[in-house]
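[1] Pasted the sequence and its predicted model underneath.
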Amino acid sequence: MTICAACHRPLKKPAVKHGHAAYGPVCAAKWGLMPGAKQAAPARDDKTADLFDATKNETCLREQTGL
Ligand SMILES: [Zn+2]
């Protein structure tokens, strides 16, 4: 019986083996270890101004231009 290296649950069949460590399908997906499976890109919030991008940040632009 193999044990998941992340959650220590017993595995009937490990989804991913990473060296000596075996991972179940849930933990492998969680840690991005599933071969071929791509993690979804983080959703971009376009309503909130980017803190470090002055061109998109209206408040910061106002401070820079003095308007
Ligand atoms: Zn696990």
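    Nice, I can see it. Numbering: from 1, shown residues only.
[2] what about A21, distance to T65?
    55 Å (C-beta to C-beta, to the nearest Å). All C-beta atoms are positioned from the backbone trio N, CA, C, and that covers glycine.
[3] swap in H8?
    On the measure of C-beta to C-beta, H8 and T65 end up 57 Å apart.
[4] which residues does the closest residue to P14 other than its chain neighbours contact?
    Excluding its sequence neighbours, the residue lying closest to P14 (C-beta to C-beta, 6 or more residues apart in numbering) is A22, at 3.5 Å. Residues in contact with A22 (C-beta atoms under 8 Å, 6 or more residues apart in numbering) are 2-5, 11, 14, 16.
[5] mind running it again at 10 Å?
    2-6, 11, 13-16, 28 (C-beta atoms under 10 Å, 6 or more residues apart in numbering).
[6] Kindly report the residues of the chain close to the ion.
    4, 6-7, 24, 27 (C-beta under 5 Å from the ion).
[7] quick one: average pLDDT of stretch 46-63?
    Averaging pLDDT along stretch 46-63 gives 68.
[8] Apologies, that question was intended for stretch 22-36.
    On average, stretch 22-36 scores 85.
[9] how far out from the middle of the chain is it?
    In terms of C-alpha atoms, centre = their mean, to the nearest Å, the centre of stretch 22-36 is found 13 Å from the chain centre.
[10] and that stretch, how far apart are its ends?
    Distance between the two ends of stretch 22-36: 17 Å, counting by C-alpha to C-alpha, to the nearest Å.
[11] Then stretch 33-47?
    32 Å.
[12] Check which residues of it are buried.
    Buried residues in stretch 33-47, counted by 16 or more other C-beta atoms under 10 Å: 33-34.
[13] distance between it and the chain's centre?
    7 Å.
[14] what's next to it, contact-wise?
    Contacts of stretch 33-47 (C-beta under 10 Å, 6+ apart): 5-6, 15-18, 21, 23, 25, 27-32, 50, 56.
[15] Kindly recompute the last result at 8 Å.
    Identification of contacts with stretch 33-47 by C-beta under 8 Å, 6+ apart yields 15-16, 18, 23, 25, 27-29, 32.
[16] What subset of the contacts of A22 is buried?
    4-6, 11, 14-16, 28.
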